[in-house]
Structure formats: C-alpha cells, structure tokens
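In: show me how the following folds:
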Amino acid sequence: MANNNSDITGFDHIEILGAREHNLKNIDLTIPRNQLVVFTGISGSGKSSLAFDTLYAEGQRRYMESFSAYARSFMGNMERPDVDKINGLSPVISIEQKTTSKNPRSTVGTVTEIYDFMRLLYARAGEAFSYVTGERMIKQSIDQIIDVILQDYQNQKLILLAPVVKGRKGHYRELFVQIEKLGYTKVRVDGVVMDIQPKMQLDRFKIHDIEIVIDRIVVKTEDRFRLSQSVQTALNQGKGIMMTRDEKNEVRNFSKYLMDPVSGISYDEPSPNNFSFNSPYGWCPTCQGLGKVEEITEDSILPDKTLSIEKGAIAPIGEYRDMWIFKQLEVLLKPYKVNLKTPIEKFPAEAIDVMLHGTDEPVAVPSKKYEGTDWNTKYEGIVTFLKRQQETGSEKIQDWIKDFMVVNTCPDCKGLRLKKESLHFLIDNKNIAQLEHGLPI
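Out: The predicted structure is shown next:
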C-alpha cells in the first residue's frame, strides 16, 4: 500500500535481505511503512537482533555517514550490521527497552528528547497571539512608544498611567501610602481619576484596577524630553507596561514586552520552559500538565436518581441511619417541598445543588435532649466534604473517595496540557500541541 513516505525513500516498504546478525539465519523480510509492526516470538528467536542490531544499527550508521568526514572523526565509525541489503530505511529512533517511566506526563516526544527541540523552536521562532482577541502581540521600545504618542495625540491633553493592580481584590491601603511616598498625588481607580486621601482604602471584596497618574500633559513635539521622562517613569512603575487616557476618555495600552494592543494583556518573554508540561512555567494550572482532571460529579454521587435519600440515593452515605447528616438533610430540604423519601429525580435543581455543595445559611436541627431547642449547624455539602477528605483524610479514606471520582478531559486546556499563553504561540498557524499530536488547525 502506497503511503506519504514513498516519495522520500522511493519505497512503500522496508525490505531486509539476508539478515544474519547473531542468531538470525539469513532472514529476508518486508515490513510495511507507516504502520505499527510488532515482532513476537520466544526468547532467543532474534526479535532484538532484527529490530535493534539490524534495522536500528543500519539506520543509525547511515545517519552518521551523512556528516562530514571532519565531524565523523570525532564521533568514530559504526560497523555495518551483517545484512546483505536494506531498502526503504528512514532515519531511526530507538527507545531503550529497559526504560520505565512512571511520569504520567511522559510521551514519546519527551522520552526521545525531540520535544526539547520543539520547545526551543517555539521559544525562538513562535509568533505570539492574544488569547483574548486573537490579535498578534506586539512589543515596543521606549522610542517607538514616544513616536506613536507624538503622532497620534499631537496637541491633545493626555494622562500617562502606570498600572499597579489589575483585576484583583483588596483594600490596598498600604499601596496608596506607598504611592504617596513616591511623590504622586493622584490615582485612577476602576476608571476614575481621584486624589489620594489619608487612610484611603477600597472595598476588599471587589475586584479593582489601579493605575498611578504619572503625568498630565499636552502632547507637543517640542516637549519630547518631558514626554520621554514621563514615559520612562510610567514603564518603570508599571513594570514595563503603561497606559494613556485621552480627552475622549479612551484608554490605550503600551508595553516593552509582548502585549495585545486591544485588550492590554501581556505575555512574558518566551523560554523553553514556557512550553513544557513538566514545568510550572508551562503546564496548565488546572490539571498541572496531565491533560485530565479527577472530578467528583453529580452523577458519581447520585448514580441512581430513581432512589430516595432514605433508600441510598446518595452513594457516599448509603441508606438512612440515625446519623447527623440525615437530620441536617431533612431540615435542609423542607423549603424545597421534598423530603428523604422523595426520589431524587423529583428534586428541583436548587435542592440538588444545595445538597451537594452546601450553604452558608445555618441549618437548625431540633435537639432530642433539649425539647423545643434547635442546634444551628453549618452544612458544607457532600461534594465539599469529599474534597476536604481527599486533601486531609487518611490513605484509606482517599482510596474510598476514588470510587466517586470521574476522570475527565481538563476543561481549561482541553487535554493539551499547556497554559493558554503557551498555546497561543504559533508557527505556520499551529501551536506546539498541534504540531506534537498532528492535530488540525
């Protein structure tokens, strides 16, 4: 059967003629290319002699002969295996038979170290694109930033901003004190320019964006020196990133590093580690480079929704017993007009969610000992309880919890194992994962 490699080698098959290495007895063999071929046989039948001492040895020898005589003088010569002729042989890779790796992230690419060269290739030649807008990431020198400002904002009033907080919660009282000590009197908080006040702080539970107002300037060519000083200061305070706000309140982002000119997000300068799923610098933070996550799902907790809680619908706790959790559930479900005898399939979605994930509202369980009084307790939920036990429980408990876990493809990296920034470096419109696995664009 013809294949894609026939035009490279001139052969559709690998032909071995007269193989006599070790205990091979003048073997002739034809092996199809681009297919998985397995050699089987009893010990001593010549499997390794054919695969390693004949095929691999000849492929390696031919590769070495492609080097110059000067290079071969350092590497030495390799003996030709005892075989009459081999046709259709490509460059070869051999993985050591005794190599055993228990690393779940290992692939043929990492074991053979080919993936190391791919990581280096993408770090040096990959083009960065924004994971927000898809725009090509750009980087600008200080002079380029100044030239753009002078060209686009001539004779306009402009505010130069240095971002110090982007999309994070906190009150930032100490930050405002530090900014004031640096000599700045104004900040832009969540889009509003304001003076720094004594004991100034924000709502700690809300997400904030904070920028230092570095300068307020009318852009003129003759004031290039002042503009350059302010731009340099803004980039220093913003750690390589700065923003401008014009008279129409339109904000524009600039960066010395890789930056999306539309959304303002930036990437670090790429290094080979950024493309490694064995490194925290490159792996997907959700699955840590495994491509899969173990999850406790509704279906694994409630495998048979025709059952009631009393009959054992909640798999981890089984059928009804005189236990505290059943008393909590009885009280918890009353507002939803269901009880322990109601089949789960008749539960409203809100009741199932509260039952599995808990609630911050106290659950008042009637006391048997003190009639007329309630015990206000916190109900954390079945899933929350199992996750906590998974982290802190004994080895026996963790083995028990595995019965309720399902392995799914990582929802963030879609099984590609790298963080989103790394997957948006492209060569010929392909990221490193598409190149490694031969995935379509």
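In: what bridges to the nearest residue to I27 once chain neighbours are set aside?
Out: Nearest residue to I27, sequence neighbours excluded (CB to CB, 6 or more residues apart in numbering): A19, at 4.3 Å. Placement of C-beta: from N, CA and C, glycine included. Residues in a beta bridge with A19, per DSSP bridges, are I27, V83.
In: the residue nearest to N339 when sequence neighbours are not counted is in what secondary structure piece?
Out: Nearest in space to N339, with sequence neighbours left out and distances taken as CB to CB, 6+ apart, is L333 at 6.0 Å. According to DSSP states H and E, L333 maps onto helix 324-333.
In: by contact count, what packs against that helix?
Out: Contact partners of helix 324-333 among helices and strands, from 3 or more CB pairs under 8 Å, 6 or more residues apart in numbering; DSSP states H and E: helix 349-357, strand 363-366.
In: now these in JSON lines, with mean neighbour count, distance to Q288 and mean pLDDT?
Out: Converted to JSON lines, the helices and strands packed on helix 324-333 look like this (neighbours: other CB atoms under 10 Å; distance: least, CB to CB, whole Å; pLDDT from 0 to 100):
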{"stretch": "helix 349-357", "mean neighbour count": "17", "distance to Q288": "24", "mean pLDDT": "87"}
{"stretch": "strand 363-366", "mean neighbour count": "16", "distance to Q288": "35", "mean pLDDT": "75"}
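In: redo the ones you listed as CSV? Include distance to D399.
Out: Output for those, formatted as CSV (distance: least, CB to CB, whole Å):
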stretch, distance to D399
helix 349-357, 22
strand 363-366, 30
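In: what separates stretch 20-34 from the chain centre, distance-wise?
Out: Computed by CA atoms, centre = their mean, to the nearest Å, the chain-centroid distance of stretch 20-34 equals 45 Å.
In: what stretches of the chain score poorly on pLDDT?
Out: For the chain, the stretches with pLDDT under 70 are 1-10, 96-104, 367-374, 438-441.
In: spatially central residue in it, please.
Out: Centroid-nearest residue in the chain: C284, 1.8 Å away (criterion: CA atoms, centre = their mean).
In: that one and Y257, how far apart?
Out: Separation of C284 from Y257 (CB to CB, to the nearest Å): 22 Å.
In: and what of Y115?
Out: On the measure of CB to CB, Y115 and Y257 end up 26 Å apart.
In: who's more crowded, those two?
Out: Looking at Y115 and Y257 with other CB atoms under 10 Å, you find the greater number of neighbours at Y115, namely 22 against 16.
In: got the residue ranges for the strands in the stretch 151-300 of the chain?
Out: Under the criterion DSSP state E, counting those that start in this stretch, the stretch 151-300 of the chain carries strands at the ranges 157-169, 186-189, 192-195, 207-218, 241-245, 251-255, 258-259, 266-267, 292-296.
In: please name whichever of those strands is nearest to D360.
Out: The stretch from the strands of the stretch 151-300 of the chain with the least distance to D360 (CB to CB) is strand 157-169; that distance is 18.3 Å.
In: which residues in the stretch 301-441 of the chain form strands?
Out: Under the criterion DSSP E, counting those that start in this stretch, the stretch 301-441 of the chain contains strands at 363-366, 374-377, 405-409, 425-426.
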